[in-house]
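Novice: only geometry, no sequence info:
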């Protein structure tokens, strides 16, 4: 198993930590639903819950980070959405996670990884919209969605880098 900066040295501690992070993603998803963020670009969101997924990608072994992503999609989809929102979230989340993993493996910065995650999340959602609506017209939203993905990804990446720096500093100080 990969080394992580967290002292989650037992299976019970790892599961507890993963559960706390999942709860945080649900809370951030709920908070994001309260904010009117899609006024300018329909379907665009800040991606607050993706902050936890991004940090999880850097803090956990890949299977754990993938599990966190899958659980986030399933739980928030069941709590806050319907079949369609779950389909959008699943496609966007899976494509985003794959892009972030590939960029991280290539040694890219956390900011770049997050921006690519935001871009590919929106591409995944547009692909689902294309299938559900049966129209190429939804692709007219691509430029606006790409800009939204870059903006949200850059913000999430900057905050994620700050959080990760604080967490690593905190855990380095521990005996």
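Specialist: Good, I have the coordinates. Here the structure is a predicted model, which means the values were calculated and not measured. Numbering: from 1, shown residues only.
Novice: residues contacting the spatially most central residue of the chain?
Specialist: Geometric centre of the chain, nearest residue: residue 50, 2.7 Å, by Cα atoms, centre = their mean. Residues near residue 50 by Cβ atoms under 8 Å, 6 or more residues apart in numbering: 96, 114, 117, 118, 121, 156. Bear in mind the C-beta positions are built from the backbone N, C-alpha and C, glycine included.
Novice: Go through the lengthiest helix in the chain and flag the buried ones.
Specialist: Ordering each helix of the chain by length in residues (DSSP state H) puts helix 142-173 first. For helix 142-173, the neighbour count (16 or more other Cβ atoms under 10 Å) marks 145-146, 148-153, 155-157, 159-161, 163-164 as buried.
Novice: neighbouring contacts of the helix or strand harbouring residue 25?
Specialist: Assigned by DSSP states H and E, residue 25 belongs to helix 11-34. The contact list for helix 11-34 (Cβ under 8 Å, 6+ apart) reads 6-8, 45-49, 51-53, 56, 60, 64, 67-68, 71-72, 75-76, 79-80.
Novice: what is the mean pLDDT for the very next helix or strand once past it?
Specialist: Sequence order places helix 48-59 as the next helix or strand after helix 11-34, per DSSP H and E. Over the span of helix 48-59, the pLDDT mean works out to 91.
Novice: Residue 144 and residue 100, how far apart?
Specialist: 22 Å (Cβ to Cβ, to the nearest Å).
Novice: Likewise for residue 19?
Specialist: Distance of residue 19 to residue 100, given as Cβ to Cβ: 22 Å.
Novice: more neighbours, those two?
Specialist: residue 100 (30 against 12; other Cβ atoms under 10 Å).
Novice: before we move on, what SS does the more buried one have?
Specialist: For residue 100, the assignment made with DSSP: H, G, I helix; E, B strand; the rest coil gives helix.
Novice: ok, now which ones touch it?
Specialist: 54, 57, 113, 114, 116, 117, 120.
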